[in-house]
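# Quick check, what structure comes out for this input:
(chains A, B and C)
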Amino acid sequence: MRQSLTPFDVRTGGRGLIEITREVSAWVADSGIDVGLLTVFCRHTSASLTIQENAAPEVRQDIVDWLDRIAPEDSGWVHDDEGPDDMPAHLKSILTGVSLSIPVASGRPTLGTWQGIYLVEHRTRPHTRQVDLHLLGE
Amino acid sequence: MRQSLTPFDVRTGGRGLIEITREVSAWVADSGIDVGLLTVFCRHTSASLTIQENAAPEVRQDIVDWLDRIAPEDSGWVHDDEGPDDMPAHLKSILTGVSLSIPVASGRPTLGTWQGIYLVEHRTRPHTRQVDLHLLGE
Amino acid sequence: MRQSLTPFDVRTGGRGLIEITREVSAWVADSGIDVGLLTVFCRHTSASLTIQENAAPEVRQDIVDWLDRIAPEDSGWVHDDEGPDDMPAHLKSILTGVSLSIPVASGRPTLGTWQGIYLVEHRTRPHTRQVDLHLLGE
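The predicted model follows:
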């Protein structure tokens, strides 16, 4: 049994979903670990992670709109140190979560046919986000 | 330290929660691993996993109704390739999540007294859903 | 490769967020494990876990208010065995989740600068909540 841990930078273009499935899968393949457990962890409180449909691009737009509805900017939040998108970004991050746990088999995450791994940027402006990839197995 | 990984099929009867605690716990007991980490992973984007109260059945109905309210069918979603329950199913899956991490002690998941593991079917029609069970420990 | 598992009690003062970053990090440091995977698991269905901003205290108040809006008490829930805050507590627990997976490096969880680990109490009255800490690594 052995493990591997690597930080991974994701550049975002502002609010939206960025697919990172290919990069994560390539890292898993390179590790030489055949069976194990992959953890993806986002080190931020205004960006997060989700696993979602990777076929239809309209899904990603609907997700962004839905998150805006659930945590709107004009709700009188007490905390707005960094502007009106500050507190909604924290709330969206709570709803989606910052860690993913995915089994690995045959050197690949066991994602379903339509599942893709996404970093979700909740701030309006572009950011560079740090994600940690951890793999444990043999 | 060793590990075990098994796919597990769950048949659903359409929208609702299906408890899988017994099957998951039996698999953990059969593994012979006494202390470790259990990961439950749902390989779909319109079904998901949650840990919730396993005593009162009314809780499950309230959960289904609440999810319908938070991600309603008649909200003008752009993506509706598979009908009006398509996009709401994706959104409910984001909210609840597709992976669970549960410590194992004495050969059993360390669930609290009232905690049960549920697969949540978000589509209207019945489906067979694939869940991966991964256990690492000794 | 080795592991450590410990139950950890958190006393809450009723609805709100209680930061447990310091206690969790101290436990990780004491384990002597340098690199690995930390799992934090909440053994309840009306309290949960989240990772959020640990700088501005206003963020925590906005989170509590937002959760109240998303799962209000006066929504005609069928399940109210333990009072009007019973069902909303279950729903908030589903939204936030009960397990966190965090990589460990240099003997510390790889939390970002602004990330703190919080137990979220969803019931109105104070409770003692049990959290399981599991660490696997070397």
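
# Count the neighbours of residue A:13 for me.
If you count neighbours by other CB atoms under 10 Å in any protein chain shown, residue A:13 ends up with 10. For every residue, glycine as well, the C-beta is placed using N, CA and C.

# Nearest spatial neighbour of it, chain-adjacent residues omitted?
residue A:126 (5.1 Å; CB to CB, 6 or more residues apart in numbering or on different chains).

# what do you get for residue A:115?
Nearest to residue A:115 is residue A:51, by CB to CB, 6+ apart, at 5.2 Å.

# strand partners of the helix or strand where the one you found lies, parallel vs antiparallel please.
Under the criterion of DSSP states H and E, residue A:51 resides in strand A:47-53. Here strand A:47-53 has these sheet partners by DSSP bridges: strand A:115-121 (antiparallel).

# any idea how far residue A:94 lies from chain B?
11 Å (CB to the nearest CB, to the nearest Å).

# With residue A:24 instead?
From residue A:24 to chain B the distance is 14 Å (CB to the nearest CB).

# and that residue, helix, strand or coil?
In three-state terms, and counting by DSSP: H, G, I helix; E, B strand; the rest coil, residue A:24 is helix.

# In contact with residue A:134, which residues are there?
Going by CB atoms under 8 Å, 6 or more residues apart in numbering or on different chains, residue A:134 touches A:3, A:4, A:5, A:38, A:39, A:41, C:37, C:103.

# ok, the first one - contacts?
Applying CB under 8 Å, 6+ apart, we find residue A:3 in contact with A:134, A:135, A:136, A:137, C:1, C:35, C:36, C:37, C:137, C:138.

# Write the ChimeraX selection for whichever of those are buried.
A single ChimeraX command is used to select the members of those judged buried by 16 or more other CB atoms under 10 Å in any protein chain shown:
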select /A:134,135,136,137 /C:35,36,37,137
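
# Point out the least confident one among the contacts of residue A:3.
Least confident of the contacts of residue A:3 in the model: residue C:1, at 94.

# That one and residue B:55, how far apart?
Separation of residue C:1 from residue B:55 (CB to CB, to the nearest Å) stands at 38 Å.

# after the host helix or strand of residue A:7 comes which helix or strand?
Using DSSP H and E, residue A:7 maps to strand A:2-11. Later in the chain than strand A:2-11, the nearest helix or strand by DSSP H and E is strand A:16-19.

# Neighbouring strands of that next one in the sheet, and parallel or not?
With DSSP bridges as the test, strand A:16-19 pairs up with strand A:115-121 (antiparallel).

# What are the boundaries of the helices in chain A?
For chain A, applying DSSP state H gives helices covering A:21-31, A:57-70, A:86-96.

# what angle separates the second one from helix B:57-70?
It refers to helix A:57-70. Angle between the axes of helix A:57-70 and helix B:57-70 is 100 degrees (criterion: axes from the mean of the first three to the mean of the last three CA atoms, to 10 degrees).

# Can you spell out which helices and strands pack onto helix A:57-70?
strand A:16-19, strand A:47-53, helix A:86-96, strand A:115-121, helix B:86-96 (3 or more CB pairs under 8 Å, 6 or more residues apart in numbering or on different chains; DSSP states H and E).

# if we go to 6 Å?
helix B:86-96 (3 or more CB pairs under 6 Å, 6 or more residues apart in numbering or on different chains; DSSP states H and E).

# can you tell me which residues contact the closest residue to chain B within chain A?
Scanning chain A for the residue nearest chain B gives residue A:112, at 3.3 Å (criterion: CB to the nearest CB). Going by CB atoms under 6 Å, 6 or more residues apart in numbering or on different chains, residue A:112 touches B:43, B:44.

# Would you point out which residue of chain A is nearest chain C?
Closest point on chain A to chain C, by CB to the nearest CB, is residue A:43, at 3.3 Å.

# burial of that residue, as a residue count?
For residue A:43, using other CB under 10 Å, the count is 20.

# That one against residue A:130, yeah?
Yes. Using CB atoms under 6 Å, residue A:43 is in contact with residue A:130, at 4.7 Å.

# what distance separates stretch A:99-112 from the middle of the whole chain?
15 Å (CA atoms, centre = their mean, to the nearest Å).

# coming back round to it: any idea of the angle the strand holding residue A:7 forms with strand A:115-121?
Going by the same axes, to 10 degrees, strand A:2-11 makes 50 degrees with strand A:115-121.

# List the buried residues in strand A:2-11.
A:3, A:4, A:5, A:10.

# same thing with stretch A:48-57?
A:48, A:49, A:50, A:51, A:52, A:53, A:54, A:56.

# tell me the pLDDT at residue A:117?
pLDDT at residue A:117 comes out at 98.

# winner for burial among the helices of chain A?
helix A:86-96 (a mean of 25; mean count of other CB atoms under 10 Å in any protein chain shown).
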